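> build me a model from this:
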Amino acid sequence: MSLLSVRSFLLLTLSLCCPAVAQEVIPLPAALVAEGIPVIPRKLAEETARYTEFRAAGFLGWHPLRRELLISTRFGNTAQVHEVRMPGGARRQITFFPEPVASASWEPKQGRYIIYSRDTGGNEFSQLYRLDLDTGRSTLLTDGGRSQNGGVLWNRAKTQFVYATTRRNGTDRDLWLMNPWHPETSRPLIELMGSGWSALDWSPDDSAVFARQYFSINRSVLWRIDVANDSMQPLTPQDQDIAWGDARCSADGRSLYITSDLDNEFRRLGRMDLESRKIEWITSDLRADVESFDLSPDGSRLIYETNENGLSRLWLHTDSSRPVQGLPAGVLGGLEWHENGVDVGFSVSSARSPSDVYSLNTDTGVITRWTESELGGLNADLLSEAQLIRWESFDKLPITGFLYRPPQSFKGPRPVIISIHGGPESQSRPIFQGRNNYLLNEMGIALILPNVRGSSGFGKTFVALDNGMKREDSVKDIGTLLDWIATQPDLDPSRVMITGGSYGGYMTLACAVNYNDRIRCALDVVGISHFATFLRNTEAWRRDLRRAEYGDERDPQMLSFFEQIAPLNNAAHIQRPLFVVQGKNDPRVPLSEAEQIVQKVRGNGTAVWYLMASDEGHGFRKKDNTDFQFHATVRFIEENLLGPPQ
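Residues are numbered from 1 along each chain as shown. Below is the predicted model:
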């Protein structure tokens, strides 16, 4: 009998023979499979409730005529689309689905309907739908199969939109045109090779679409696609490692506003003359990435956002750039002009606030808060703020991260959780820590979020330092972080847990192999256990994109390296307790990556907890599942990090 069967049998016996006892434990949600996880007392759910009931609001878009906006927030089990008609106004729910809605925007003429996307069970095969506001009915616009559809971009006439889809073969991402009132007339704009294609903007006369072909974080190409005859021409070099980001066409159609790391470590904002291809740089003196920008409807002004040591800074540009004052300190998202040419919408998340929606009046400089998401009863003033820390790695490379300290009421050196981001070309930033605040405030655990080599936000040289054969250098960065922890009088180097998701899950397993004697336990969430098996089994549309970062398993030399470093092949070294969390429908890191490492580590006689959701993909998104995952995580920490030494 499996561990799950034993647990189910025990719970059934308890419920039949002693109902009062059964009511004292947290029931397992129907979609979850749990192995090796002890029963969790209901008291824990009561103790953590304040830390699991927070909400967040993300900006989705403006109404085309009225000063109203769409947001994403959660009142039930999943995030849905809501309308907010005034700052501080009620969040009026528009979509009601068991699956979260990923994106949404109003029809751009009168706002008669909404185009939105959603998948099933986290499988990422997002389909596009039209929601008619008069009737409340949704109409499927795309093929409804195992295809990805998204990136809706309306033309200037507002009669049709271009979108990206993998419907042709599941691998290549083509650009299609659609009039959503007549989805049956949807047709290909152009068939393309590769899965890294996205539409960025239309020309003012709708004769052309500007698109990006993405190969890796360090290499992409901008293209102009002629709508009438499907011809295309490159606007940037095709054979150089240059990153090109977003693009907006000027009002006169003669130039393109772009972001790029051309001749620079960081992504700058510039204006490219479409005839000469010469670029006039707008942000040439900044030592920070321009992460996003938008052009005002009349083309006269730019709003852009920079990433400065993890924090966002907002800028307004006309003839020159000036920083926007009064912005809440945090991380921005969803930057967009209203059609009125005055208001700009965005969302901000910080250590003491979940994501909320704001707007900037670019004429007056006034920033207005539209939503105030609930904290579940927490006092924001008591939440830990991030401290930027630095240490030197094995090769003298400076590495940084963010340290969240528990309250001073906890005495003595504190246990530490190192939480490693995914990507790997992502970045840990000082955003709201959600449920982790319970670990800080109630369990007295210090939290460190490192940005090891390969992280974005530190220049194009830094982001490439873990590519291919240099993969384990990033693991060594964590080894030197462990050294740094040992020098801090308020941190306990004998009580350290490693955790991370996706690529951070690989890092977790690699650290469990390499630093078994220096950690207490490890928590791997949707992590890679062998790069070769991962690349063979990940969805076809991502495979080449991931090979550009990790290496090509079809190359014998690279395959040999993968075999050498694979946590799966070195699992005998994992002697500390391990917790593995996985979604069954994960298209990125497939279920097999979790199953094989669980089986292998259990072969050591090592305690392994395993939690799998049949209705989730690359991480849990449904509240009942995430709550149970968190409760199980707290139990794992209590037993293995805070408990007696192994």
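
> can you map out the strands along the stretch 401-550 of the chain?
For the stretch 401-550 of the chain, strands defined by DSSP state E, counting those that start in this stretch occupy the ranges 414-420, 446-451, 491-501, 521-525.

> can you say which helix or strand has residue 128 in it?
strand 127-132 (DSSP states H and E).

> also residue 270?
Assigned by DSSP H and E, residue 270 falls in strand 268-273.

> neighbouring strands - and their directions - for the very next helix or strand once past that strand?
Next helix or strand after strand 268-273 toward the C-terminus (DSSP H and E): strand 279-281. Strands that pair with strand 279-281, judged by DSSP bridges, come out as strand 268-273 (antiparallel).

> got a list of contacts for the strand it pairs with?
235, 250, 254-262, 278-284, 286, 290, 293, 302, 304, 317 (Cβ atoms under 8 Å, 6 or more residues apart in numbering). Glycine gets a C-beta too; all of them are placed from N, C-alpha and C.

> check stretch 148-161 too.
Counting by Cβ under 8 Å, 6+ apart, 102-103, 105, 107-109, 115, 117, 124-128, 142-143, 162-167, 173, 177-180, 198-206, 209, 541 sit against stretch 148-161.

> how close does the closest residue to residue 107 other than its chain neighbours get to residue 249?
Counting by Cβ to Cβ, 6 or more residues apart in numbering, residue 113 is the residue found nearest to residue 107 once chain neighbours are left out, at 4.9 Å. According to Cβ to Cβ, to the nearest Å, residue 113 and residue 249 sit 26 Å apart.

> from the contacts of stretch 148-161, list just the buried residues.
Using 16 or more other Cβ atoms under 10 Å as the burial test, those include 102-103, 105, 107-108, 115, 117, 124-128, 142, 162-167, 173, 177-178, 180, 198-203, 209, 541 as buried.

> looking at the strands of the stretch 401-550 of the chain, which is nearest to residue 267?
strand 446-451 (16.9 Å; Cβ to Cβ).

> quick one: buried residues of the longest helix along the chain?
Ranked by residue count, the top helix of the chain under DSSP state H comes out as helix 623-640. By neighbour count on 16+ other Cβ under 10 Å, the buried set for helix 623-640 is 623-637, 640.

> likewise for stretch 301-311?
Buried residues in stretch 301-311 (16+ other Cβ under 10 Å): 301, 302, 303, 304, 305, 306, 307, 310, 311.

> hey, where'd the helices end up in this protein?
Under DSSP H, the chain gives helices at 3-17, 19-22, 42-52, 436-441, 460-463, 471-486, 503-514, 531-537, 540-550, 556-565, 591-602, 623-640.

> what's the angle from the last one to strand 521-525?
With axes from the mean of the first three to the mean of the last three Cα atoms, to 10 degrees defining the directions, helix 623-640 sits at 160 degrees from strand 521-525.

> quick one: contacts of helix 623-640?
26, 28-29, 31-32, 34, 37-38, 40, 44-45, 48, 52, 74, 76-78, 417, 435, 438-439, 443, 445, 497, 520-521, 523, 576-577, 579, 581, 609, 611, 613, 615-616, 620, 646.

> off-centre distance for it?
Relative to its chain's centre, helix 623-640 lies at 21 Å (Cα atoms, centre = their mean, to the nearest Å).

> pLDDT (mean, whole number) over it?
Per-residue pLDDT values over helix 623-640 give a mean of 98.

> export that helix as PDB, just CAs?
Written as PDB, here are the backbone C-alpha positions of helix 623-640 (Å, rounded to 0.1, in the frame of the first residue of the first chain):
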ATOM      1  CA  LYS A 623      -5.800  29.000  -3.200                       C
ATOM      2  CA  ASP A 624      -6.900  25.700  -1.600                       C
ATOM      3  CA  ASN A 625      -3.800  24.000  -3.100                       C
ATOM      4  CA  THR A 626      -1.400  26.800  -2.200                       C
ATOM      5  CA  ASP A 627      -2.700  26.900   1.400                       C
ATOM      6  CA  PHE A 628      -2.200  23.100   1.800                       C
ATOM      7  CA  GLN A 629       1.300  23.400   0.300                       C
ATOM      8  CA  PHE A 630       2.100  26.200   2.800                       C
ATOM      9  CA  HIS A 631       0.800  24.300   5.800                       C
ATOM     10  CA  ALA A 632       2.800  21.200   4.800                       C
ATOM     11  CA  THR A 633       5.900  23.500   4.300                       C
ATOM     12  CA  VAL A 634       5.500  24.800   7.800                       C
ATOM     13  CA  ARG A 635       5.300  21.300   9.200                       C
ATOM     14  CA  PHE A 636       8.400  20.400   7.200                       C
ATOM     15  CA  ILE A 637      10.300  23.400   8.600                       C
ATOM     16  CA  GLU A 638       9.200  22.600  12.200                       C
ATOM     17  CA  GLU A 639      10.400  19.100  12.000                       C
ATOM     18  CA  ASN A 640      13.600  19.500  10.000                       C
END
